[in-house]
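*Asks:* Okay, structure incoming, though there's no sequence with it:
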Ligand SMILES: [Zn+2]
Ligand SMILES: [Zn+2]
C-alpha cells in the first residue's frame, strides 16, 4: 500500500510502499477513502508533540470503510463506513475515564501522532475511536467534520448560548466556515469576524447576519454596540486577535478557544470579573459526539467547502493548508 510519511521532525513528506498491516484484538483495519488535512498535522510534521515516534503518518480526519476486524470485535462489521477523528482511543482505566470523561483521558491517543493516521491507503484503529458515517454524507464531506466539524459543533452546543443569542465567530477559514453554518443552523444571531472585505459575501452566504471587517473596525467595540456576544468562538490561530476579543463579550459571555497557538492570550482580572466573563479551551470530543456532529450535518445540510488532492500530492495539499489560502478545508483522496 501507498503511504505519505514524515521520517523525522521537520522532514518532508515521503510517498513510500508499506505492507498492509493486520489488526490486533480490539482493532479494525480500515480502507481510507478520504483524509482531511488539519492545521494540527503540524504537530506531526514538525515534531511538536512530546514523545512522538518516527517515521509517522499524519492524519486525523479519516473517512473509511472497515476492511478487516480483529479478535473480539463484534459491534463493527467489514464493509461498514466509519470515521476516525482526533479522539483516537482512550485507556478506559484512568481517573477521567472512570468518571466517564473520555475526552480528557490522561492517555488519549491521537491518530497521526500516537499511531499512524490517515495519509495512507489502509490504517489500523482501536474500536473506541470509530464513528459511523451516515449514508447521506460523502467521504470527502465527512472527513473535515471529524475534527474541524466536531470541534466547532461540540464547543458551540456547550457554549451556554441559546437560540436567538448573539454569537460571534472569529476567522472565516477551515474552522470558521463550519462554525458559521453550525451557529446559523442552531438558531443563533451570527456575527462573523474576518480580515478584509472579501470574506463578507461568503460569511453571509454561510449564514452570518452581520460581518465585521477587523481591519476596518475594532471587533470588540462593534460587538459591544450590538449588546455584546454571549459566545465568541476564536478559530483563527492568533493569540493577539483572541486577546482583543475579550472586550466584545456581553454579560456571562464566553470566549471559546479552538484555534491552536502557542503564545499567551492577554487578559486582565478586571475584564473577566466585569460581566462574569469566561475563557474556555475546547478540543474535539468523543466518537459519540462525532456521530452527533455527522447526523446534525446530515439533518441540517451543513457541509464543508473543500479542495481535494490525491494522496501522492500530500506535500502540496499540506502546503496549501498551511498557506491559509485554501477555501476552506483540504482533503486527500485515496
Ligand atoms: Zn484536527
Ligand atoms: Zn483514560
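*Replies:* The structure has been received and is ready for your questions. Small disclaimer: the values here were computed from a predicted structure and weren't measured. Ligands and ions are numbered 1, 2, ... in the order given.
*Asks:* Run through the residues of this protein sitting next to ligand 2.
*Replies:* Within reach of ligand 2 by CB under 5 Å from the ion, the chain has these residues: 90, 91, 94, 97, 105. For every residue, glycine as well, the C-beta is placed using N, CA and C.
*Asks:* can you pull out the helices in the stretch 101-250 of the chain?
*Replies:* In the stretch 101-250 of the chain, the segments counted as helices under DSSP state H, counting those that start in this stretch are 139-144, 150-157, 176-185, 200-206, 219-225, 239-245.
*Asks:* re earlier: pull out the buried members of the residues of the chain next to ligand 2.
*Replies:* In the residues of the chain next to ligand 2, burial by neighbour count holds for 90, 94, 97, 105, counting by 16 or more other CB atoms under 10 Å.
*Asks:* I'd guessed the first one sits against residue 104; true?
*Replies:* No. At 9.1 Å, residue 90 does not count as touching residue 104 under the criterion of CB atoms under 8 Å.
*Asks:* Of the residues of the chain next to ligand 2, which belong to helices?
*Replies:* Counted as lying in helices by DSSP state H, out of these, are residue 97.
*Asks:* Pull the most distant pair out of the residues of the chain next to ligand 2.
*Replies:* 90 and 94 (7.9 Å; CB to CB).
*Asks:* which residues are common contacts for the two?
*Replies:* 105, 107 (CB atoms under 8 Å, 6 or more residues apart in numbering).
*Asks:* Could you tell me how many residues sit around the residue nearest to residue 134 when sequence neighbours are not counted?
*Replies:* In space, residue 134 comes closest to residue 298 once its chain neighbours are excluded; the distance is 4.6 Å by CB to CB, 6 or more residues apart in numbering. Residues contacting residue 298 under the criterion other CB atoms under 10 Å number 18.
*Asks:* I'd guess residue 298 is in a helix, am I close?
*Replies:* Yes. Using DSSP: H, G, I helix; E, B strand; the rest coil, the assignment for residue 298 is a helix.
*Asks:* Please report how far it lies from residue 135.
*Replies:* Computed as CB to CB, to the nearest Å, the residue 298 to residue 135 distance reads 9 Å.
*Asks:* Might one say that residue 159 is in contact with residue 231?
*Replies:* Yes. Counting by CB under 8 Å, residue 159 does reach residue 231; the two are 4.0 Å apart.
*Asks:* Overlap in contacts, these two.
*Replies:* In contact with both residue 159 and residue 231: 167, 254, 256, using CB under 8 Å, 6+ apart.
*Asks:* Secondary structure class of the last one, three-state.
*Replies:* Pointing back at residue 256 there. Following three-state DSSP, residue 256 is assigned to strand.
*Asks:* so what's it scoring on pLDDT?
*Replies:* Here, the pLDDT recorded for residue 256 equals 95.
*Asks:* okay but it is in contact with residue 234, surely?
*Replies:* Yes. Residue 256 is within contact range of residue 234, at 6.7 Å (criterion: CB under 8 Å).
*Asks:* Those two: who's more crowded?
*Replies:* Comparing residue 256 with residue 234 by other CB under 10 Å, the one with more neighbours is residue 234, at 29 against 24.
*Asks:* For that one, which non-adjacent residue is closest in space?
*Replies:* Nearest residue to residue 234 in three dimensions, chain neighbours excluded: residue 242, at 4.5 Å (CB to CB, 6+ apart).
*Asks:* Contact partners for that neighbour?
*Replies:* For residue 242, the contact set (CB under 8 Å, 6+ apart) comprises 170, 234, 255, 257, 259, 261, 265.
*Asks:* give me that answer again for 7 Å
*Replies:* 234, 255, 257, 265 (CB atoms under 7 Å, 6 or more residues apart in numbering).
*Asks:* out of those, which is most surrounded?
*Replies:* Counting by other CB under 10 Å, top hit in the contacts of residue 242: residue 234 with 29 neighbours.
*Asks:* Now do that residue, the pLDDT please.
*Replies:* Listed pLDDT for residue 234 reads 90.
*Asks:* so it touches residue 255, yeah?
*Replies:* Yes. Contact criterion CB atoms under 7 Å: residue 234 and residue 255 qualify, at 6.1 Å.
*Asks:* Can you pull the residues that touch both of the two?
*Replies:* Overlap of the contact sets of residue 234 and residue 255 (by CB under 7 Å, 6+ apart) consists of 242, 245.
*Asks:* what about the strands in the stretch 1-150 of the chain?
*Replies:* In the stretch 1-150 of the chain, the strands defined using DSSP state E, counting those that start in this stretch lie at 2-6, 13-17, 27-37, 62-69, 81-84, 122-126, 130-132.
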